[in-house]
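Asker: A predicted structure for the sequence below; I have some questions about it.
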Amino acid sequence: MVGLVAPHGLAGPVFFCSLLGIVVALVQGPGRFPHLDLSEQGAPLFGRQLARAKALVPCVVAALATVVYVGAAGIAGLREIPVTFSIALAAVIPSTLTALSATLRTGTARLLYVAMACGAGAIAFILAFYAGSIPGELGFSVLASFLALRQYGEALARYDPV
């Protein structure tokens with residue numbers, strides 16, 4: 001619905017889908033689904049493996065939201081569908097992965113990670129839209145995604161009871 005009625009351009013899919021990815025990542029926090037927490041604790045996974053496994057669902061949801069948003073905007077008249085999709089997806093994934101680290105923290109630290117997740121999407125948007133550097137945005141997004149997933153894995157390893 002948002003893709004059909006929102007103004008066309010990059011800002012809509014980048015920021016709306018990034019916020020959706022952040023929300024989905026935050027919903028995955030420990031303690032929300034106790035039966036899944038027990039399953040994770042019993043699985044022979046280490047921090048990095050668990051980070052990749054837990055990052056899959058929010059990233060898939062954020063990617064699907066980007067596909068649906070850009071598809072609906074295409075129905076409403078958006079012309080640059082492949083470019084808009086690739087730029088938006090490149091901004092959405094680092095935002096989602098950065099937000100995962102907020103699930104392990106509380107208080108100010110949690111807010112800081114959510115702010116960094118919002119900032120990752122904003123920086124990617126600025127690089128693509130204002131600086132006009134799609135390769136720069138893609139490079140930033142790859143680096144930010146790698147560092148966010150690595151940080152989340154290290155944080156999970158610290159909390160690993162084994």
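Answerer: In hand now; what should we look at? Just so it is clear, the structure is predicted and the values come from calculations on it, not from any experiment.

Asker: Show me the shaky parts of this structure.
Answerer: 1-8, 29-47, 159-162 (pLDDT under 70).

Asker: Which positions within stretch 15-34 qualify as buried?
Answerer: With burial defined by 16 or more other CB atoms under 10 Å, the residues of stretch 15-34 counted as buried are 15-22, 24-26, 28-29. Backbone N, C-alpha and C define where each C-beta goes, glycine included.

Asker: quick one: buried residues of the lengthiest helix in the chain?
Answerer: Ranked by number of residues, the top helix in the chain under DSSP state H is helix 47-75. Across helix 47-75, burial judged by 16+ other CB under 10 Å covers 47, 50-51, 54-55, 58-59, 61-63, 65-67, 69-70, 72-74.

Asker: returning to what we had before: between the buried residues of stretch 15-34, which is nearest residue 124?
Answerer: Nearest to residue 124 among those is residue 18, at 8.6 Å by CB to CB.

Asker: Give me the contact list for the host helix or strand of that closest one.
Answerer: Residue 18 belongs to helix 11-27 when assigned by DSSP states H and E. For helix 11-27, contacts defined as CB atoms under 8 Å, 6 or more residues apart in numbering pick out 2-3, 6, 57-59, 61-62, 65-66, 69-70, 73, 84-85, 87-88, 91-93, 95-97, 99-100, 102-103, 114, 117-118, 120-122, 124-125, 129.

Asker: Any of those buried? List them.
Answerer: 3, 6, 58-59, 61-62, 65-66, 69-70, 73, 84-85, 87-88, 91-93, 95-97, 99-100, 102-103, 114, 117-118, 120-121, 124-125, 129.
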